[in-house]
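Undergrad: Next comes the sequence, and after it the predicted model I'd like to discuss.
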Amino acid sequence: MKTQEWLHEDGTLNKEYILTFIQTDTTMYPYDMALMLKDVQANDGELYSQLIQHIPNELLAEVMLKSKQDQIGNVLDVIEIKDVTEMAESLDTNDAAELIKEISVIDSKRATEVMETLSDNARESIETIKSYNTTEAGAWMQVNLFQARIDETVGESIHRLKKLKSEKKIDNINQVFIVNDNKEYLGSISLEDLILLGSTLKYKTILNENLDNLQISDHENLEKVAELMRNYNISSMAIVDHNNKLVGSISSDRVYSMVEKIATEQIYNLAGVKETSEKEESLFAIGKDRAIWLGINLITAILASIVIGIFDNTIQSLVALAVLMPIVASMGGNAGTQSLTVTVRQIALGDIAPKDAKETIRKEILISISNGLIFAAIMGIVAYIWFDIPLLGMVIAISMIINLLSAGFFGAIIPLGLKRAGIDPAIGSTVLLTTVTDIVGFFSFLGLATIVLL
């Protein structure tokens, strides 16, 4: 179908098309259906309810996964708990867990009710997935995978797979995962390769020939998983626990999608805005969340201005200080941002363990000192030539070394400290760092100028 065929050329709702859609069971991709529901809900509430009731729960579940939170909330207002439960049961376990997570944000009571009405197997699987950190592979794995025993024949496993498929107990299968009697993972083989093998052949006879034995820990960071999948050009991978027992599998499309989502969230956090708010249609909601961080930034800017005010007589006595002052703060701010960005990124990748914190801080300090010495020398010479005051060049050189040193130190220690306190290191780090570099930069420069030049 043509995208947005439910709209007239002028953008108004094509009610005739939608009514025909309801009466004739016209097929549509979940993404397109999510777009149509959004347009219908905004224009005709009664028609929207009719449309929701028409869509089968299995398809509506896929539609909700393609929808924003406010749209999911609109659907929940129309359907009953048993419908939500049926939708969750129809999805792959990882998708069901994601859907319930979205519902819990909108209505925690409704999410609890859905969990209570799920089958024991579905509830146990979803609880397992929810127990992992969102940056870990286990949080996005599919637990309903097809396993074959090592002493089983190819024909026996295919017959069992057909039965599971006919009973709709398993879906989206493209690999067979081989385990031993203790459920320890041994390797996998694609269905494409499986059909080329003889039906009487046992899996143990092909262990060293056809099986792919790549695997990852259930606690592995998603960035590492994505890197591994890119390097080995694989579309799915087995996930094992600390005992090497098979607990699930993860697909490349799921990994790349979540890595992109996490990276986007970090970018928003570093800028002091919330991703969820930016997706809102309400300008008030967007402006409110931005205003909070701008307000915090205003307070820190006032603190920096207070430091400047302490030395107002010094600045009045030597106007050159007002000209050079922004350079010291700017260099410190940029150096600190470099350290901060690298540290936050390494934390997100899981490259910094608690024992590595001291080494990370040491590295950033050494880099900052090196750059501080280089640019202090350059700026000292520039200031001397510019204003023909030798001691002024020395003052700005020393203050730049001090500020770049503090920038490197706090650029590393702020995100590490927030991480240790259980706070997302990307949230608020830039505001705290800017405060430090501005205050240290202004205080060191104007303080030294007061002592040396006046």
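TA: Looks like it arrived, so ask away. Numbering: from 1, shown residues only.

Undergrad: Give me the distance between stretch 88-96 and the centre of its chain.
TA: 21 Å (CA atoms, centre = their mean, to the nearest Å).

Undergrad: Give the buried residues for stretch 375-391.
TA: F375, A376, M379, G380, V382, A383, Y384, F387 (16 or more other CB atoms under 10 Å). (C-beta placed from N, C-alpha, C; glycine too.)

Undergrad: could you give the mean pLDDT of that stretch?
TA: Average pLDDT, stretch 375-391: 91.

Undergrad: now do stretch 104-123
TA: Rounded mean pLDDT across stretch 104-123 is 89.

Undergrad: now do stretch 169-184
TA: On average, stretch 169-184 scores 85.

Undergrad: tell me how far the ends of it are from each other?
TA: 22 Å (CA to CA, to the nearest Å).

Undergrad: same thing with stretch 62-78?
TA: Span of stretch 62-78 from end to end, CA to CA: 17 Å.

Undergrad: what does it contact?
TA: By CB atoms under 8 Å, 6 or more residues apart in numbering, the surrounding residues in contact with stretch 62-78 are 30-31, 33-34, 37-38, 41, 48-49, 52-53, 55, 60, 84, 87, 91, 95, 98-99, 102-103, 105-107, 110, 276, 279-281.

Undergrad: Now with 7 Å, please.
TA: By CB atoms under 7 Å, 6 or more residues apart in numbering, the residues outside stretch 62-78 that reach it are 30-31, 33-34, 37-38, 41, 49, 52, 55, 95, 98-99, 102-103, 105-107, 110, 279.

Undergrad: all helices of the stretch 1-150 of the chain, in order?
TA: Listed in chain order, the helices of the stretch 1-150 of the chain (DSSP state H, counting those that start in this stretch) span 15-24, 30-43, 45-54, 57-65, 69-76, 81-90, 93-106, 108-117, 120-130.

Undergrad: Repeat that for the stretch 351-454 of the chain.
TA: Using DSSP H, counting those that start in this stretch, helices in the stretch 351-454 of the chain cover 357-387, 390-420, 429-452.

Undergrad: Am I right that V176 is in a strand?
TA: Yes: the assignment for V176 by DSSP: H, G, I helix; E, B strand; the rest coil puts it in a strand.

Undergrad: So it is in contact with F146, correct?
TA: Yes: using CB atoms under 7 Å, V176 makes contact with F146 at a distance of 5.6 Å.

Undergrad: and the gap between the closest residue to A148 other than its chain neighbours and I250?
TA: Counting by CB to CB, 6 or more residues apart in numbering, S157 is the residue found nearest to A148 once chain neighbours are left out, at 4.1 Å. Distance, S157 to I250, using CB to CB, to the nearest Å: 22 Å.

Undergrad: more crowded one of those two?
TA: I250 (25 against 20; other CB atoms under 10 Å).

Undergrad: domains in the chain, as residue ranges please.
TA: By the assignment in automatic domain parsing, the chain contains the domains 15-132, 147-267, 275-452.

Undergrad: for the chain, which spans come out with low pLDDT?
TA: 1-3, 25-26, 208-211, 259-290, 293, 348-351, 353-354, 426-428 (pLDDT under 70).

Undergrad: got the residue ranges for the helices in the stretch 201-350 of the chain?
TA: Going by DSSP H, counting those that start in this stretch, the stretch 201-350 of the chain shows helices at 222-232, 252-270, 275-278, 283-310, 312-317, 320-349.

Undergrad: Kindly reformat these as CSV containing distance to Q69 and mean neighbour count.
TA: As requested, the helices of the stretch 201-350 of the chain are arranged in CSV below (distance: least, CB to CB, whole Å; neighbours: other CB atoms under 10 Å):
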stretch, distance to Q69, mean neighbour count
helix 222-232, 22, 17
helix 252-270, 14, 16
helix 275-278, 7, 14
helix 283-310, 12, 14
helix 312-317, 50, 13
helix 320-349, 24, 20
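
Undergrad: got those as a markdown table, with distance to V75 columns?
TA: Shown next, in a markdown table, are these (distance: least, CB to CB, whole Å):
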| stretch | distance to V75 |
| --- | --- |
| helix 222-232 | 28 |
| helix 252-270 | 21 |
| helix 275-278 | 18 |
| helix 283-310 | 20 |
| helix 312-317 | 61 |
| helix 320-349 | 33 |
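
Undergrad: State the distance spanning the first to the last residue of stretch 62-70.
TA: Start-to-end, stretch 62-70 (CA to CA) is 16 Å.

Undergrad: quick one: buried residues of it?
TA: For stretch 62-70, by 16+ other CB under 10 Å, it's E62, V63, M64, L65, S67.

Undergrad: likewise stretch 146-166?
TA: Here stretch 146-166 shows F146, A148, R149, I150, E152, T153, V154, E156, S157, I158, L161 as buried, counting by 16+ other CB under 10 Å.

Undergrad: Distance check, L324 against D424.
TA: 36 Å.

Undergrad: Could you single out the nearest of the buried residues of stretch 375-391 to S217?
TA: F375 (43.4 Å; CB to CB).

Undergrad: What are the neighbouring residues in contact with the closest one?
TA: So F375 contacts M331, M400 (CB under 7 Å, 6+ apart).

Undergrad: would you turn the buried residues of stretch 146-166 into CSV with distance to K358?
TA: Formatted as CSV, the buried residues of stretch 146-166 follow (distance: CB to CB, whole Å):
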residue, distance to K358
F146, 47
A148, 48
R149, 48
I150, 47
E152, 52
T153, 56
V154, 54
E156, 56
S157, 52
I158, 56
L161, 52
